[in-house]
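Enquirer: Sequence first, predicted coordinates after that:
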Amino acid sequence: MDASSSDGRPKAMKDQSLIDELWQKVRRKHLFPELPRPAVGETQGNVALELKSKQITLNESFLDRLSGRIGRKEALEALLDHGVGHYCYCPWDFKTHLAIYAEAKRVLGDKEMARRAASFFTDVVVDTNCVKRSDTTLPSLYRHMEKGAVENIMVSLYETIWGMDLESGDNHHRVVRRLARIPYLDKSQWPESAHRFTRVIKEILEQEQQEQSPSDKEKNDNMMGDHDLSSFSDEEVDQGLRDFARESRGLKEFREIIEDFENDLKDLGYVTEGGMGRGKGGLIDADILYYMKLAENYSVPVRKMPLEKRGYMHPHSHRPWELGKPVQDIDVWTSFGKIMPGITQTWRRMAGKTFGDQESTPDCLILIDSSGSMINPRKNLSYAVLGAACAADAYLRNGAKVSVYNFSDAPMGNRIIMDFTTDRAAIYSVLCKYFGGGTALSLKDLDPLLATTEKADVFLITDMKITNLGKVIAYLSQIENRITSVYIGDNNHAARFKEAMGDKAHISIFNVTQKQDIPKLVLGKIREYFGGPI
């Protein structure tokens, strides 16, 4: 049962009434964000508020502890400003959240400390923005709330950059001077500023962690609330992962950061179930997620199959019948039953064209080389895997199926054959497989794959150092499928392949002198092939 306030009403009910009174004022200050009405309740840990799925929950116990030091309405308005500020200003989107955390992690190396540092940094940004640009009761809240070691430094920092006496009683003057030089309201510098911020408070966080016992963990929560993935929607997380994959410093950093958020992502459905996917299952594969999200940054239009003429003729238009012309094409309904030149109408027939399946995007068989001369995609960014992933993404987006033949020394068993599927996770998982041996195709494997679908496109990506290259050339020359070949470097094998295949109308060949050019070819030259005029 809720405790009652002095007027006899339950405190939760009175708090909710005050929130209703304040909510329009707070929304107006923050330009009317689309957020549900905040609620009062209990939050996890010792924090003032939570923001989950855009729902702000204010901690009743935290408000009770402020009783007698600050008015209830003042405290509620301050917390609402803080919560809405995180949604509207910083971190704003999930990519920014990850970028700020990544800089903190780069300094500290410890996941939990990096979360705390990132959380404190975004608090400074949000609170300073509120104080500088609107009327807020946040200074009064910070003056009277309980403070831990880091909170004391933050309040002392606020005294300096806000120009107010907040009764911090803190003597970390050197630390505060360094923190006060950071441009918190310059969005373009947030990652760099977060890095500087974390370096300054690193020693304090490390000392705090050393002195902390397991039972004290809750006491060392950020009093204003930690910020995690739960405040973002599924779509915002998807977009953030896509952007962070593009802007991160590479596979290693992406993997490390994503693994730090493993539990959060699992709660949102990013788990493995026979590969990366959504639903119940095992832990996420960060490497597969990296190529998946990185490939989603590129859009490759797929040229659809041209219309085909059929052997049958169909009535197309009328023309006058003439003496000596066949009578079987006379349209009796428009000739009024008369067989007379100039009056009698006959059908003009044309060859039929197919508009159904032949107008759709063909399926695609991806042949990807994972021999020792190719980059291991789980150690470094493989532009070959990225290029194949972009091609796979293009076909899948157009409703087609994709099959993958990952090969090294295929005749010796170093290969994976995956049937045509739309399971994106399974496709990327096979693309990321690395054998690291010799290079040879087992051509007898390809016919059964190609026989399962009509005229699938073939996408080959390799350095062409294939021991049975002559047989590969002969095989690709005799099949009727459209073939896109992307090869790395400029060697004798590649020159031989180009000379033998260069005049084949169904084969498009792209030469790459640097591995970094592979994604550009997928997005550029292949666009001419797929999207050009029929």
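Expert: On my side now, so go ahead.
Enquirer: need the contact list for residue 198.
Expert: Contact criterion Cβ atoms under 8 Å, 6 or more residues apart in numbering gives 103-104, 107-108, 114, 117-118, 121 as the residues in contact with residue 198. (C-beta placed from N, C-alpha, C; glycine too.)
Enquirer: Phi, psi for the residue nearest to residue 482 when sequence neighbours are not counted please.
Expert: Spatially, and ignoring its direct neighbours in sequence, residue 482 is nearest to residue 457 (4.8 Å; Cβ to Cβ, 6 or more residues apart in numbering). Main-chain dihedrals, residue 457, degrees, to the nearest 10: phi -70, psi 150.
Enquirer: Domain map for the protein?
Expert: For the chain, automatic domain parsing gives the domain ranges 1-213+223-231, 233-295, 309-353, 359-531.
Enquirer: Ends of the second one, what's the gap?
Expert: With Cα to Cα, to the nearest Å as the measure, the ends of domain 233-295 fall 21 Å from one another.
Enquirer: got the residue ranges for the strands in this protein?
Expert: 39-41, 49-52, 55-59, 270-272, 276-278, 309-320, 345-353, 364-369, 402-407, 415-421, 457-462, 483-488, 507-512 (DSSP state E).
Enquirer: The last one - what's its average pLDDT?
Expert: Predicted confidence along strand 507-512 averages 79 (mean pLDDT).
Enquirer: same question, the third one
Expert: Averaged across strand 55-59, pLDDT comes to 92.
Enquirer: CA-only coordinates of it, as PDB, when you get a sec.
Expert: Written as PDB, here are the backbone C-alpha positions of strand 55-59 (Å, rounded to 0.1, in the frame of the first residue of the first chain):
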ATOM      1  CA  GLN A  55       9.200   5.500 -20.900                       C
ATOM      2  CA  ILE A  56      10.600   7.700 -18.100                       C
ATOM      3  CA  THR A  57      10.100   6.200 -14.600                       C
ATOM      4  CA  LEU A  58      11.000   8.400 -11.600                       C
ATOM      5  CA  ASN A  59      12.200   6.600  -8.400                       C
END
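Enquirer: In the sheet, which strands lie alongside it, parallel or antiparallel?
Expert: Strand 55-59 has the following strand partners under DSSP bridges: strand 39-41 (parallel), strand 49-52 (antiparallel).
Enquirer: Look at residue 203 and say how many residues are nearby.
Expert: Applying the criterion other Cβ atoms under 10 Å, we find 10 residues in the vicinity of residue 203.
Enquirer: Residue 447 too?
Expert: Residue 447: 10 neighbours (other Cβ under 10 Å).
Enquirer: now residue 209
Expert: Neighbour number of residue 209 under other Cβ under 10 Å is 15.
Enquirer: Residue 146 too?
Expert: 13.
Enquirer: ok, back up a step: by mean pLDDT, show me the worst of the strands of the chain.
Expert: strand 276-278 (a mean of 42).
Enquirer: between the strands paired with strand 55-59, which gets nearest to residue 495?
Expert: Closest to residue 495 of the strands paired with strand 55-59, according to Cβ to Cβ: strand 49-52, at 59.4 Å.
Enquirer: related to what we said a few turns ago, dump the strands paired with strand 55-59 into a markdown table; add distance to residue 174 and mean neighbour count as well.
Expert: As requested, these are exported to a markdown table (distance: least, Cβ to Cβ, whole Å; neighbours: other Cβ atoms under 10 Å):
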| stretch | distance to residue 174 | mean neighbour count |
| --- | --- | --- |
| strand 39-41 | 40 | 16 |
| strand 49-52 | 31 | 20 |
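Enquirer: Would you convert these into CSV that also reports distance to residue 178?
Expert: Formatted as CSV, the strands paired with strand 55-59 follow (distance: least, Cβ to Cβ, whole Å):
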stretch, distance to residue 178
strand 39-41, 38
strand 49-52, 29
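Enquirer: Which one, of the ones you listed, ends up nearest to residue 191?
Expert: Residue 191 lies closest to strand 49-52 among the strands paired with strand 55-59, at 21.6 Å (Cβ to Cβ).
Enquirer: Show me what the closest one is in contact with.
Expert: Counting contacts by Cβ under 8 Å, 6+ apart, the residues outside strand 49-52 that touch it are 43-44, 56-59, 62, 79, 82-83, 86-87, 224-225, 227, 230-231.
Enquirer: hmm, 10 Å instead?
Expert: Applying Cβ atoms under 10 Å, 6 or more residues apart in numbering, the contact partners of strand 49-52 are 35, 38, 40-44, 56-59, 62-63, 79-80, 82-84, 86-87, 223-232.
Enquirer: Filter the residues you listed down to the buried ones.
Expert: For these, a burial check counting by 16 or more other Cβ atoms under 10 Å picks out 35, 38, 40, 43, 56-59, 62-63, 79-80, 82-84, 86-87, 223-229, 231-232.
Enquirer: now, which of those residues lie within helices?
Expert: Mapping the buried ones among the contacts of strand 49-52 onto helices (DSSP state H) picks out 62-63, 79-80, 82-84, 86-87.
Enquirer: Tell me which two of the residues you listed sit farthest apart.
Expert: So, these by Cβ to Cβ: farthest apart are 63 and 87, at 20.4 Å.
Enquirer: neighbours of the nearest residue to residue 421 once chain neighbours are set aside, just the number please.
Expert: Using Cβ to Cβ, 6+ apart and skipping residues adjacent in sequence, the residue nearest residue 421 is residue 401, 5.9 Å away. For residue 401, the number of neighbouring residues by other Cβ under 10 Å comes to 20.
Enquirer: Please tell me how far residue 401 sits from residue 75.
Expert: According to Cβ to Cβ, to the nearest Å, residue 401 and residue 75 sit 58 Å apart.
Enquirer: List the residue ranges of this protein that fall below the pLDDT cut-off.
Expert: 1-9, 170-171, 212-221, 266-284, 299-301, 303-319, 321-345, 347-359, 512-534 (pLDDT under 70).
Enquirer: center of it - which residue?
Expert: Centrality entry for the chain: nearest residue to the mean C-alpha point is residue 242, 2.6 Å, by Cα atoms, centre = their mean.
Enquirer: give the contact list for that residue.
Expert: Contacts for residue 242 (Cβ under 10 Å, 6+ apart) come out as 94-95, 292-297.
Enquirer: just checking, residue 31 touches residue 85?
Expert: No. Using Cβ atoms under 10 Å, residue 31 makes no contact with residue 85, being 11.5 Å away.
Enquirer: quick one, which of those two is more surrounded?
Expert: residue 85 (26 against 8).
Enquirer: In contact with the more buried one, which residues are there?
Expert: With Cβ under 10 Å, 6+ apart, residue 85 has these contacts: 26, 29-30, 33, 122-123, 125-130, 133-134, 136, 138.
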